[in-house]
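1. okay, here's the prediction I keep looking at, along with the sequence it came from:
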Amino acid sequence: MNKMIQGNTKNLSDDLRIVITGVGLAAPNGNNLSEFRRNMLEGISGLDMMEVRHMGQLAAGNCSFDEQKYQSRKMRKRGTRAGAIGIYCANEALVDSGIDINEEDRDNVGIYVGITEHGNVETENEIHELYQNELNTDYWSHHHNPRTVSNAPAGEISLNLRITGPAYTVGAACAAGNIGLIHGAQMIRAGEVSWCLAGGISESTHTFGIFAAFKAQGALGSHADPTLATRPLDKNRNGIAVSEGGCLYVLETLARAKARGAKVYGEIAGYHVNSDATDFVLPNNDRQVECMHKAIKRAGLSVEDIDLVSMHATGTSLGDIQECKAVREVFDKSENTLINASKGFIGHCMGAAGALELAGNLPSFEDNMVHGCRNIEELDPECEIKGLVLKGPVNKEVKTILNNSFGMLGINSALIISKMEKE
Amino acid sequence: MEAVEVRKFVLDIIEDIALDEDVSNLNDDIALREQLDLDSMDFLDIVMELKKRHKVEVPQEDYPRLATMSGCVEYLTPKMQ
């Protein structure tokens, strides 16, 4: 029997309603929510040229947060870039939420980190060293295993904050940011943890393999001006800009949030996750349509209730067209819905993408603005969708956001966040 | 190699591993782990750096001999000739 919670969450008791009460993020164009939001509204790009091993100068999105703000130099050296991003985001989210971790039952806190991949960076580094050492594996580092286990980014956060509850990663390709959040909400509702840190993280710019594979696939975006390297929905787009980043949220029940007088950013109103089961790489817009429809149904809403759709739109020729078809099919009948896409500003933050792109739109609940899409010089006719905000920002009262995030091997996610109305 | 030189090489390695800790006032006869925040991973780092920088192999059964600085010097000096 399917026991999933369906219908408008307003009909649920407060201990089954899951809300966001803290945001910690590192984006290529911002190290906290207010900076990130300002740059999304002002059209500031986070992309620049970087030197990629074996490949030379490529456009990419890297973050500039202070790694030593919450982590010693020694622990940074021992750990991974993904761990450093996670530690920064987790601590920032806690500060933002007003939670003092020393006052909490650490056994009852979860850490759920969405990742596209983990371990490529460290493996490439070790193999590089191996070649410097004439293929002598005696010099292979004992750090290789703890750095490459797939729970590493979550484990590093747990070590840093001494959180002793479940801390692990959720692998879901580029849908992972959304799915980290969804998993967190599920675990709280299931009573597994009292509250959690959940979202997604990516260190992908530090592995040449990801750039090389996208290039081999004909999907690596390029332009002499790195801020124009990825142009989702533009007629002349030529691919993805690889980015790193992270975004972790404090999730807790509405009951707990009320009890401690927390600021509530929004409520997880609904979600859906499904699989294409059709191709390793190519998306399937029928399943994307189904994913959005089921998320809306689960939230007890109609398409007309969705004020803003944040597209996944990565800047590949086929992927953008497929998603546009899907979004058009779902929202063409809505006279209310606006649509935007974030990767023209920050590139593709992989496992962090869904969580970060949601954060870029979340302040719409407060400021009633909707950011646009960066880098659309000439809209691809096949990407025309009613409500698309080409150049932002525009004014609109936003109460409900649907956040799309899709990934390789055909994983789709749609997450719906609603503004918390004052009761 | 003189013992004083060996001590300096070991200290250089420890300094790079302990990073932000002050290693200038180490007592050579007290266990390194009692004076510095070093754990088993750090200890393996020391062994690896001895191998990389000075081509000295320390077999696992000899690890206890590196517990103190004076132990390190006594054990490593003949190996670093």
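-> Okay, I see it.

2. grab the nearest non-local neighbour of the most centrally placed residue in chain B.
-> Centroid-nearest residue in chain B, with Cα atoms, centre = their mean: B:Val10, separated by 4.4 Å. Of all residues not flanking B:Val10 in the chain, B:Cys72 sits nearest, at 4.8 Å (Cβ to Cβ, 6 or more residues apart in numbering or on different chains). Where C-beta positions appear, they are placed from N, C-alpha and C, glycine not excepted.

3. ok, that neighbour - contacts?
-> B:6-7, B:10, B:65-66 (Cβ atoms under 8 Å, 6 or more residues apart in numbering or on different chains).

4. picking up where we left off before, check which helix or strand covers the residue nearest to the centre of chain B.
-> Secondary structure assignment for B:Val10, by DSSP states H and E: helix B:3-18.

5. helices or strands up against that helix?
-> On a contact count with 3 or more Cβ pairs under 8 Å, 6 or more residues apart in numbering or on different chains; DSSP states H and E, helix B:3-18 meets helix B:40-54, helix B:69-76.

6. buried ones in the first one?
-> By neighbour count on 16 or more other Cβ atoms under 10 Å in any protein chain shown, the buried set for helix B:40-54 is B:42-43, B:45-50, B:54.

7. need the residues you listed in CSV with pLDDT and distance to A:Phe211, can you?
-> Converted to CSV, the buried residues of helix B:40-54 look like this (pLDDT from 0 to 100; distance: Cβ to Cβ, whole Å):
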residue, pLDDT, distance to A:Phe211
B:Asp42, 96, 34
B:Phe43, 96, 36
B:Asp45, 97, 30
B:Ile46, 97, 35
B:Val47, 97, 35
B:Met48, 97, 30
B:Glu49, 97, 32
B:Leu50, 97, 36
B:His54, 95, 37
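
8. those residues: which ones sit near chain A?
-> Counting by Cβ under 8 Å from any Cβ of the partner chain, B:45, B:48 from the buried residues of helix B:40-54 sit close to chain A.

9. for the buried residues of helix B:40-54, which one is nearest chain A?
-> Minimum distance to chain A across those is 6.9 Å, recorded for B:Met48 (Cβ to the nearest Cβ).

10. contacts only, for the closest residue to A:Pro363 other than its chain neighbours.
-> Nearest non-adjacent residue to A:Pro363, counting by Cβ to Cβ, 6+ apart: A:Arg37, 4.6 Å away. Contacts for A:Arg37 (Cβ under 8 Å, 6+ apart) come out as A:30, A:359-360, A:363, A:367.

11. for chain B, what's its nearest residue on the stretch 301-423 of chain A.
-> Per Cβ to the nearest Cβ, A:Gly351 is where the stretch 301-423 of chain A lies closest to chain B, at 26.0 Å.

12. hang on, that residue packs against A:Glu117?
-> Yes: A:Gly351 is in contact with A:Glu117 according to Cβ atoms under 8 Å; the separation is 7.5 Å.

13. any common contacting residues for these two?
-> Common neighbours of A:Gly351 and A:Glu117, using Cβ under 8 Å, 6+ apart, are A:Ser204.

14. tell me which parts of chain A are close to chain B?
-> A:72-74, A:77-78, A:138-139, A:141-143, A:146.

15. quick one, which of those residues are buried?
-> A:74, A:78, A:143, A:146.

16. read off the pLDDT value for the third one.
-> For A:His143, the model assigns a pLDDT of 97.

17. the second one now?
-> What the model reports for A:Arg78 is a pLDDT of 97.

18. right, and it touches B:Met41 too?
-> Yes: the pair A:Arg78 and B:Met41 passes the contact test of Cβ under 8 Å, sitting 6.6 Å apart.

19. and for those two, which residues touch both?
-> Counting by Cβ under 8 Å, 6+ apart, the shared contacts of A:Arg78 and B:Met41 are A:His143.

20. pull out the buried positions in stretch A:209-216.
-> When burial is assessed from 16+ other Cβ under 10 Å, stretch A:209-216 yields the following buried residues: A:209-212, A:214-215.

21. pick the one among the residues you listed closest to chain B.
-> Distance to chain B across the buried residues of stretch A:209-216 (Cβ to the nearest Cβ) is lowest for A:Gly209, with 25.2 Å.

22. in which helix or strand does the closest one reside?
-> Here A:Gly209, judged by DSSP H and E, is contained in helix A:208-216.

23. and the next helix or strand past that helix?
-> Next in sequence after helix A:208-216, counting helices and strands by DSSP H and E, comes strand A:242-243.
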